[in-house]
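Trainee: this one's structure only:
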């Protein structure tokens, strides 16, 4: 048998020994349990594309979405916080999708007023106010 941490022989030790000494046992217990993941920017790219499609790419909402996406992409987010960050990002994306109609390109001020009036009428009809 050999030490699980350093590979030294354990032939002069108890048959059930797995480590050569306390230092190796401590190092073995403190080792990383998973392989480090290289950070990617896939989530940030997808969020930026979604924000651009919704027409809110240059707004504070897009900044919040990008910050959350970078946090998820970095791999440094503690495991206990991943679910909360994902929920927050989903809420930001849903809000951006909701603003899609309001921030759609308009030809002039009259068209913008018509679009706002139609949106208000739709909300009143659905009881959203």
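Mentor: Everything's here; your move. The shown structure was predicted, so the numbers you read here are calculated from the model rather than taken from an experiment. Residues are numbered from 1 along each chain as shown.

Trainee: quick one: average confidence on stretch 111-121?
Mentor: Average pLDDT, stretch 111-121: 86.

Trainee: Pull out the buried residues from it.
Mentor: Buried positions in stretch 111-121, judged by neighbour count with 16 or more other Cβ atoms under 10 Å: none. All C-beta spots, glycine's among them, are computed from the backbone N, C-alpha and C.

Trainee: Centre of the chain to that stretch, how far?
Mentor: Offset of stretch 111-121 from its chain centre (Cα atoms, centre = their mean, to the nearest Å): 34 Å.

Trainee: What of stretch 109-119?
Mentor: 35 Å.

Trainee: List the first helix or strand encountered after the helix or strand where residue 24 lies toward the C-terminus.
Mentor: Assigned by DSSP states H and E, residue 24 belongs to helix 22-30. Along the chain past helix 22-30, the next helix or strand (assigned with DSSP H and E) turns out to be helix 42-54.

Trainee: Other residues contacting that following helix?
Mentor: Residues outside helix 42-54 that contact it (Cβ atoms under 8 Å, 6 or more residues apart in numbering): 57, 59, 61-62, 65-66, 68-70, 72-73, 89, 93, 96-97, 99-100, 103.
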